[in-house]
Structure formats: structure tokens, C-alpha cells
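*Asks:* Need a 3D model of the sequence below.
(chains A, B, C and D)
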Number of protein chains: 2
Amino acid sequence: MAQESGDTGPIRVGRAEAARWSGALDLLRLVRARPGVTRAEAARVLGVGSGTATEICSRLRALDLIAEHPAPPSGRGRPTTTLHAHPDGPLVAVVDIRQAEWRVAVADLEGALSESATGRHGSKRPEQVLAAVGRALAAVSARHGSRIRAVAVSAAATVRNGRFVQSSVLGWRDVEVAPLLPGVPQVLGNDATLAGLAEARLAHPGKSVLYLTIEVGIGGVFVDGDRAVTGATGAGGEFGHTPFGEPGLPCPCGATGCWDVAVDGRAVARHRGEPEPDDPRAYLIDALVDPGSRAAVAECATSLGRGAAGLANVLDPEVIAFGGLAPEVRRAAPDAFAAAFEAGLMGFRRDDPPALIASGLGPDAFLLGAAEAAFDEVLTEHGLTTWIEARGA
Amino acid sequence: MAQESGDTGPIRVGRAEAARWSGALDLLRLVRARPGVTRAEAARVLGVGSGTATEICSRLRALDLIAEHPAPPSGRGRPTTTLHAHPDGPLVAVVDIRQAEWRVAVADLEGALSESATGRHGSKRPEQVLAAVGRALAAVSARHGSRIRAVAVSAAATVRNGRFVQSSVLGWRDVEVAPLLPGVPQVLGNDATLAGLAEARLAHPGKSVLYLTIEVGIGGVFVDGDRAVTGATGAGGEFGHTPFGEPGLPCPCGATGCWDVAVDGRAVARHRGEPEPDDPRAYLIDALVDPGSRAAVAECATSLGRGAAGLANVLDPEVIAFGGLAPEVRRAAPDAFAAAFEAGLMGFRRDDPPALIASGLGPDAFLLGAAEAAFDEVLTEHGLTTWIEARGA
DNA sequence: ATCAATAAACTCGCATGACGAGCATAATTT
DNA sequence: AAATTATGCTCGTCATGCGAGTTTATTGAT
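*Replies:* Take a look at the predicted model:
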């Protein structure tokens, strides 16, 4: 994100400053990815000796960043300890804004969510929604004080250069989110992007994961080695707006032939000769169990399979994970899906195709993904430095 | 690329080992990206003090990794020095295997290519081609000795897990390339991937670049911040095999509706009602200047624009760079291209669309990209450690 | 019970790269 | 010739990681 430090003046991160905490950061990230990991195993994974592990752990314990508990002895030898989030350690606040409601929660280093507040918003006015979220966050901040080190907001909206530029389900256009907690880093994320990030990091760490989710339209993200590929402005992953659909068919996004309108409730209605439903998601849920919609749903499953295969050809993922209603669409017409997927893959990929799985994270996926994005801000040299300064003061 | 170090035993890179050379590596990468950069500017860019710069530079000079020349004084103050590749510094050998010929060259840290050998291969037998290339590399190795630190091979073939798994233009299937220079790291790359890597790093450093090139079919790569996104097995970037083409039309890859056969000489011939040409590339070159093919070429330009827009929606590049014959296709029907591109973009992207440019690297792009990939292997802690060991011995 | 075996934590001297303040140097400007 | 300015160089300091050796806590055998 930081570019052209030459012009913008002396930011002066400093090499030693950056390298200083690299071992400690690696340990913290490991504790985050695998809570309760033993210190001995951590040393093996990180490739450090026991002396270094001792040193890093005691440093982090003194800073209230990790806690160590004696591990239940398992076999001969001196028993090791398990590493956990410190009970007074850093936290992040996470927000998920959905069509009719919002949620605010707090996550600790281990990824555990403690629910804090939810609200409904009949109004579509972004200022009102954000004001309500802001009040909930103020309460969180009052409760946890300076332990809150970052805020991440997930919304069903397109994110570009740190703004929500549009959202059909929320009815938002170009919404700037002022700092919700002053002085704390804040990141905004598309809901499908963050859900995919959570799925990739939590269920398939280190792998290349293509995440596809159907709600209204289809979206997702490609996560390559735990890093979301979101392009220049952060608006990548708009898979619904590739011309995989019916050529010429207009899409509300402004383009034509979009995949978005070929896989969801709007597509089912169109195939059945019905008018466009007000709530395509609810319509699709009904259609999935309606025998009269079977052929129309199979068309969607075919489109899902063909598009997933095309994206697999482009992105070469190791895993394709389906979220939202996509697993249901696939399950409703498994043969149609499988045939289209197989036919769409390049020949040489068919011997060893990507694994197709249904995401198992459930409705917390957005908050979990937001926690990932938020801790990405915290677990940096800068984040650690400010944590230490806040402790000292 | 390194995974699961836990099981595979004690590779033990070591944290200090890795951090040790990080400053030196950053300087070497800077000298590579900007040959002739002054030491004073390098210190500013890297964010180190003059003392540290002195230390790093003298260390690298002593190791024959960089050379310093007095810079022409420009204004007041003590004149600085410019940083260059050392005349006895590390080199990489690069290979480009095309339809009817191969080239072998040598690149230094600054990216300068010195041509070494070329050959033609009427035969399509990969063993024969690789044997000829191997002989040329042996000659290179004899001339430069242990200065050659890596080999990179570009070929018009799909790369997967370090093998060439298929190539229609070369007629190859599942070719394993044995080490061409024993004891030296070797990387294989798809030609379009490497050309895009070169275009991105040399012309648009740090940006997100979508590179699209038409030869036979269409391919390319997405380079996000100087890193090629090639997926789990390295076979990403097969943009030609997304279903952007005519639905149902079979493609030699095994899938149907591929973009590949909608933008090249085969597409022009089909639109004209002619049989599939033996050499689609030559056919397209002719068609580009043939008035009778104007409408057919415009169809290809439309398909190119629509597909490029779809990929822009997915990948969110800052720049779309066209290579091969793609700039000519665009130029032959600029209005058709522009209309399709604009129509295919999501509405919110139209205000600030990605820049569309023609690659200017010419036929050396493949070798330059191979040099990038090869130096990525050299400019690592491990690469530097082996360089130092080779010096000492 | 006692003692060997085992695995892991702890101690401590060492190497190293980066830092930064102060000094030296080589150009331009006055 | 002197002042100014930008840069390179020297050197004492520091934090991190290393690694060999030591200690500690558990299991299992005698």
C-alpha cells in the first residue's frame, strides 16, 4: 500500500525497526492461526531454537500479547506449554452490514468472537446505519479501552480505494466511512471478499482458494497463499460481472451478459418466464425446493459449473469453495453442475481438478473475515510498536 | 513455493539467516530495477541512513555484487556515486523456445541481455530441442563459469508444477526438463506469463497489470505488485480458456466456448466462412491489412474488448497491457474495441477505467521476463549465501 | 522407591546488521 | 578564499537470533 516513499517525505520505517519484531510477529501469527499450539511445536514450525523461542515468548508474555499455560504432559520429557491469546491482549472490532441488519463484535488474537450488538435498519440511509454502528462501537471501545487496535467493516458493497462505491442491496452509492474509532486503523471490505478470506485462511491455510458465493448475483475472491487478490483499488473479485451469462442480457451493473444474472433467483424467474423477483435470494431459496423450478435451477447450476471452470482455468486454484446459496444450487442439480464444470475445464486440468467444497463457516464468515483483515493491520511492526507505546503510557 | 517445512525435516532456514541479508537484498533489487541509481537516492528510497548505506555498499562491493562509479556532480555538495552491476557479478541464463526456433542469452543484474545463441528446430521432438538448448547452455556455462546462478526457460507451453504439460504450437505433451545446468536453480515459465512479468516490472513497476497477448489464441498474466499471480500449480493466466467466446464452439483445449478461438486468426477465418488456417498467426497478420477481412477482424476486436473488460471487472488492474498481435487487432477496429470494452465494464469503473496500453518490449519480452524470474531465484538469502560460498571456495 | 531416559525450557556468550551522532570530504556559490 | 551544502565515513551502541551447554519435569524400567 505504501508507495513512493521517496517523494512523500521521511516516513523512515527503518530496516532494523522492521526486522526487529519479525520473529515475534511470526509467532503471533502462528498463535492466531493455531491457537493452543505448543511452544515446542511453534519453535519447530518457525525454525528457531529453543533459546530463541524462550526469548520471544517471554518478551511477548511481558507485553500481554500471549499467555502460556502448562500443556497436559503427553509422554516422556519435560512438558511444554500451550500458547494462547493473552486475556488482556489486543482485540479488534468487526462490523458486518447486511441488507436489513448490522452486527458488531469483538475478536481476539485467537479469532474467538464475542458478540456485542446487532441492529436492524429499515432505512437505507447510510449515515443512519453508520451512526448506529458508531454508537455500538463506542460502547465496545468504552468496555475494552485501548485494547481495540483496529476496526474492519464488512458490507454487501463494492469497495474501492477505501470507500464503499456502490451497493444494490443496501442502496448505497459512494459512501465514505469516517473513522469509527478515532486513532485506530480501519479497513473496509466487500462481504464476499472477507468471507472468502476467512474460508481460505481458516479452512485451507496457505492454499490457493477461489471462493464463490451466491446471494443476489455471484461474487467472491481469489485468495492466493492467504493473501486476497483484490487488484489495484480493492474492487477485484467481482466475478459476477464477467460475460459468462446470456450474451446481450443487460445487468444492473451497466454491462451486459453478466454471470451475475445467470445464476441467482433472477435467472430462475427468467427461465420460468416470471417477472424479476423483488427479493431474488428468497425467490431462489423457494425455487430450490420447488419441483416446478427444477429445470430452471438446473440451468443455474450449469452456469455455475461452467463459470467456475472458466475461472479455474484462469486462476488455477487448488480449492474452489462455495458459500451462500451456491452449495444449494450445486446440490439441487449435481449432474448438471458436474457436467458443465468438467466440460469447461481445460483438458489437462481434468486429471487433477481443483477440489470443490462447500464452505462451512456459516453466517459468521463475514465477521471472521473482517477479523482477519483487522488483525492484518495489528500484526505488523507498526501495530506492535503502537501497542507497546500504549502499554508504556 | 516451500510448504510444510514441519514434516520434511530440518531445512532450517533460520530467522537470522533470512533477516541478515535483507538490507543487502533490497539494495540489489533496487539496483536491478533502477540501474545507475545513486547511492544517496538508494539510501532515501530504502529508508536507511548514510552509515548503513556505506556499510551495505562496501559489503556488496567486496562480494563483486555491485560496482560504484563516481556520479557526475549535479549541484552543491559532495558528489555521490552511481550503483551498477559488477562486471564479475552474478548472471542468469535465459532460454526462449518458440514455434520454430530457440534463443539462449545471458542477463546481468541490470537486465542487460547479451545474445549468445539461436537455433531453429524443424523437428518437434522436445528431447532434440532441449538437447540443442543444453549444448548452448553448456557453452554459456563454460564461458562464464560459476557466475551463472540460475536458468529460466520460457516456452509457448502450459506450465504446471514445474513441467511443460502441453503445447499446441510446439506439439509437446508433458515434457519434463531435466536440469540444464547442474546445481543451478531452474525455473520454467509460460511465454505469455513471462512477457507479462517483464512488461509489468519494467514498464509499470509496483502496479497491478493485466497483460493480454494474442498469437495463436490469447493468453497472458495478472501481475499484482510485481508478483505474477499464477495460482496453485503455476498454470494460471490461461485467459483464453474462459467461456467468453461463442457458446458451444469446441476448442482444442477440450472445453467449449473458449475466448481463445474468438480473437485470433481462426476466428477471422471462421467469420469469413473459410476453413481453419494452418498458421493462425500468419493468417491474422494478413487479415489485419486485408480490406475484405475488416468486418471479421472487427468481430475479434469486439471480443477482445468485451473479454478485457470482463477480466478488468474480476481482477481490477490499474493497467491493461497488450502484447503480441493484440495491439494490432485493437488498432484495426478501434471503435469496435472501445465500444465493447466500455460496454463490458461495470458502470462504476467507467469513470476511472484501467489504462490501455500496447507493450513496447518487442520480441525480447520473453527473455526479459525469464531474466526476471531467474533473478527472483538469485536475489534471495539462499542465492546470496551460495554466491558467497562459491566466491570463498 | 530409585534411576535412567527423554524432551523441552533456560542461561549466556557471541556474531551481526542496522542505527545515529559526529566528523571528513568534495563539490558549488558568494 | 570562505561559506554552504550534500554526501560518504567512522565508531560506539543496541537488539535479535544463534547455539552449546545446563537445568528441569515427566515417563518408564529396575
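
*Asks:* isn't there a helix covering A:L28?
*Replies:* Yes - applying DSSP: H, G, I helix; E, B strand; the rest coil, one finds A:L28 inside a helix.

*Asks:* Which residue is the nearest non-sequential neighbour of it?
*Replies:* Closest residue to A:L28 apart from its sequence neighbours, by Cβ to Cβ, 6 or more residues apart in numbering or on different chains: A:L379 at 5.5 Å. Quick note: C-beta positions are derived from backbone N, CA and C, even for glycine.

*Asks:* can you pull the contacts of the one you found?
*Replies:* By Cβ atoms under 8 Å, 6 or more residues apart in numbering or on different chains, the contact set of A:L379 is A:25, A:28-29, A:32.

*Asks:* make it 6 Å
*Replies:* If you count contacts by Cβ atoms under 6 Å, 6 or more residues apart in numbering or on different chains, A:L379 has them with A:25, A:28-29.

*Asks:* In this structure A:V297 contacts A:R331, no?
*Replies:* No - using Cβ atoms under 6 Å, A:V297 is not in contact with A:R331, being 10.1 Å away.

*Asks:* Can you report how many residues lie near the residue in chain A that DNA strand D sits nearest to?
*Replies:* Taking Cβ to the nearest atom of the strand, DNA strand D has its nearest neighbour within chain A at A:G23, 2.2 Å off. By other Cβ atoms under 10 Å in any protein chain shown, 21 other residues sit near A:G23.

*Asks:* Which pLDDT value does the model give the residue nearest to A:L28?
*Replies:* Note for A:L379: predicted pLDDT of 96.

*Asks:* Kindly report the same for the one 10 residues further on.
*Replies:* At A:E389 the predicted local distance difference test score is 87.

*Asks:* What of A:R20?
*Replies:* Note on A:R20: pLDDT of 73.

*Asks:* Could you do A:G77 as well?
*Replies:* 88.

*Asks:* need the residues of chain A near DNA strand D, please.
*Replies:* Chain A comes close to DNA strand D at residues A:20-24, A:47-52, A:55-56, A:59, A:70, A:73, A:75-79, as judged by Cβ under 7 Å from any atom of the strand.

*Asks:* Kindly confirm my reading that A:P179 forms part of a strand.
*Replies:* No - in this structure, A:P179 is coil, not part of a strand, as judged by three-state DSSP.

*Asks:* Of all residues in the stretch 201-350 of chain A, which one is closest to DNA strand C?
*Replies:* For the stretch 201-350 of chain A and DNA strand C, the shortest gap (Cβ to the nearest atom of the strand) falls at A:P205, measuring 22.2 Å.

*Asks:* Report the secondary structure state of that residue.
*Replies:* Classification of A:P205 by three-state DSSP places it in coil.

*Asks:* Residues touching the helix or strand hosting A:E41, excluding its own?
*Replies:* Assignment of secondary structure by DSSP states H and E places A:E41 within helix A:39-46. Contact partners of helix A:39-46, identified using Cβ under 6 Å, 6+ apart, comprise A:26, A:30, A:50, A:53, A:80-81, A:83, B:6.

*Asks:* Please apply the same query to stretch A:154-163.
*Replies:* With Cβ under 6 Å, 6+ apart as the test, stretch A:154-163 has contacts from A:96-97, A:164-167, A:169-170, A:172, A:176, A:188-191, A:194, A:233-235, A:366, A:370.

*Asks:* rewinding a little: ok, the residue of chain A closest to DNA strand D touching A:T54?
*Replies:* No - contact criterion Cβ under 6 Å: A:G23 and A:T54 do not qualify, at 12.0 Å.

*Asks:* before we move on, back to that, in terms of pLDDT, where does the residue of chain A closest to DNA strand D sit?
*Replies:* If you check A:G23, the pLDDT there is 90.

*Asks:* now do A:P73
*Replies:* We have a pLDDT of 81 for A:P73.
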